[in-house]
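K.L.:
Sequence below, structure please.
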Amino acid sequence: NIVDIPGKKIFYGHVNVKEGKISSLEPTEPSRSGAAFILPGFIDSHVHVESSMLAPSEFAKLAVVHGTTGTISDPHEIANVCGMDGVKFMIENGKTVPFKFHFGAPSCVPATIFETAGAALLSDEVEALLAMPEINYLSEMMNFPGVLFADEEVMKKIAAAKKYNKPVDGHAPGLRGADAKKYIDAGISTDHECFTADEALEKLQYGMKILIREGSAAKNFEALIPLLEEHYENMMFCSDDKHPDSLELSHINQLCARA
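P.N.:
Got it, this is the predicted structure:
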C-alpha cells in the first residue's frame, strides 16, 4: 500500500529499488490483504539539532530509525557560540550522511542585547549566509519587537532573505491582532510558538503557516491539534528541541500516530 501524499490517495503496487535507492513506484492490482504501508519520510519542520547534543551526522542516525529523513534546522545555538564557523561546521558535517538537512541563516545572534554570547551575526554576515546554496531560509525571527518597530538591522536581514527568494521563519509567542498582522505582513511565513488554538487560528487567517510543536521542552500538540483537520495544508509538525534520550524513543512519527 503506497501512500501518495500529493494525490491524497493510497494505491497498491511495487516499489522498485535500484542501487539501494527507490527508482520507481509501479501500481498493480492488490494481490493479498494485510499488506504493509509505505510512505515518504517525515520532516521535522523546525528543530535545533544542537539540542540533541549531537553533531548532525549522529542526530541523523537516531532520527532516521523513526522514519525521519529530513529537517528544517536552525543552527542558532552553535552560531551563538561559534558564529559563521559554527554554521559552516553544521552544513559540512550534515553532508557526510544521506539525511536531508535544510539549514537556515540564524537571524538573532545573540538572541537579545542582554546576552553574553560567543559571537554576533549582523546583517552583512546573515546576507553572506543567505547567498550560500546550502542555506535555505532566514531562521526564526525572534526579535518580533524589532520587526514591529522596523529596527534597521532586523529589516536588512529580512530584505536579504527576500533578495535571495528564501522564506523567513517566525517566532512570535502570544502576538495577536494588528501586531500579529504587521509581523506577518513583513514577510514572515511560519510560527512554531502558538500555545492556544485561538492564537494559531488568527495567524492562519492572516496567511501564516503554523507548526505544531511537541518536543522535549515546549508541548503544544493538545492545544493545536483540533485545527489540523480543516487547516492541514498550512500546518506542520516540529519538535524545536529534542534531547537525545527523547529522540532515541520517538520523533515526528509519534506526532503522526497521535494525530
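
K.L.:
What sits closest to residue 103 if chain neighbours are left out?
P.N.:
The spatial neighbour of residue 103 that comes closest, neighbours along the chain excluded (Cβ to Cβ, 6 or more residues apart in numbering), is residue 73 at 5.2 Å. Where C-beta positions appear, they are placed from N, C-alpha and C, glycine not excepted.

K.L.:
That neighbour and residue 100 touch, don't they?
P.N.:
No - applying Cβ atoms under 8 Å, one finds residue 73 not in contact with residue 100, separated by 10.1 Å.

K.L.:
Please, which helix or strand holds the residue lying farthest from the centre of the chain?
P.N.:
Each residue of the chain has a distance to the centre, and by Cα atoms, centre = their mean the biggest one is for residue 31: 38.7 Å. Using DSSP states H and E, residue 31 sits in no helix or strand.

K.L.:
Please report how far it lies from residue 45.
P.N.:
36 Å (Cβ to Cβ, to the nearest Å).

K.L.:
Likewise for residue 7?
P.N.:
21 Å.

K.L.:
Which one of the two is surrounded by more residues?
P.N.:
Remark: of residue 7 and residue 45, residue 45 carries more neighbours, 23 against 8, as counted by other Cβ atoms under 10 Å.

K.L.:
tell me the SS of the more buried one?
P.N.:
Per DSSP: H, G, I helix; E, B strand; the rest coil, the local secondary structure of residue 45 is strand.

K.L.:
how close does it sit to residue 145?
P.N.:
25 Å.

K.L.:
Looking at residue 73 and residue 100, which one has more neighbours?
P.N.:
The neighbour comparison of residue 73 against residue 100 (other Cβ under 10 Å) goes to residue 73, with 23 against 14.

K.L.:
which residues touch that one?
P.N.:
44, 47, 48, 49, 56, 90, 101, 102, 103, 104 (Cβ atoms under 8 Å, 6 or more residues apart in numbering).

K.L.:
rerun at 6 Å
P.N.:
Contact partners of residue 73, counting by Cβ atoms under 6 Å, 6 or more residues apart in numbering, are 47, 49, 101, 103.

K.L.:
Please apply the same query to residue 236.
P.N.:
Residues near residue 236 by Cβ under 6 Å, 6+ apart: 45, 211.

K.L.:
How about the one 3 residues further on?
P.N.:
Under the criterion of Cβ under 6 Å, 6+ apart, the neighbours of residue 239 are 44, 47, 215.

K.L.:
what's the neighbour count on the last one?
P.N.:
Burial of residue 215, expressed as a neighbour count using other Cβ under 10 Å, amounts to 23.

K.L.:
Give me the distance between it and residue 229.
P.N.:
23 Å.

K.L.:
now residue 151, nearest residue through space, not along the chain?
P.N.:
In space, residue 151 comes closest to residue 143 once its chain neighbours are excluded; the distance is 7.0 Å by Cβ to Cβ, 6+ apart.
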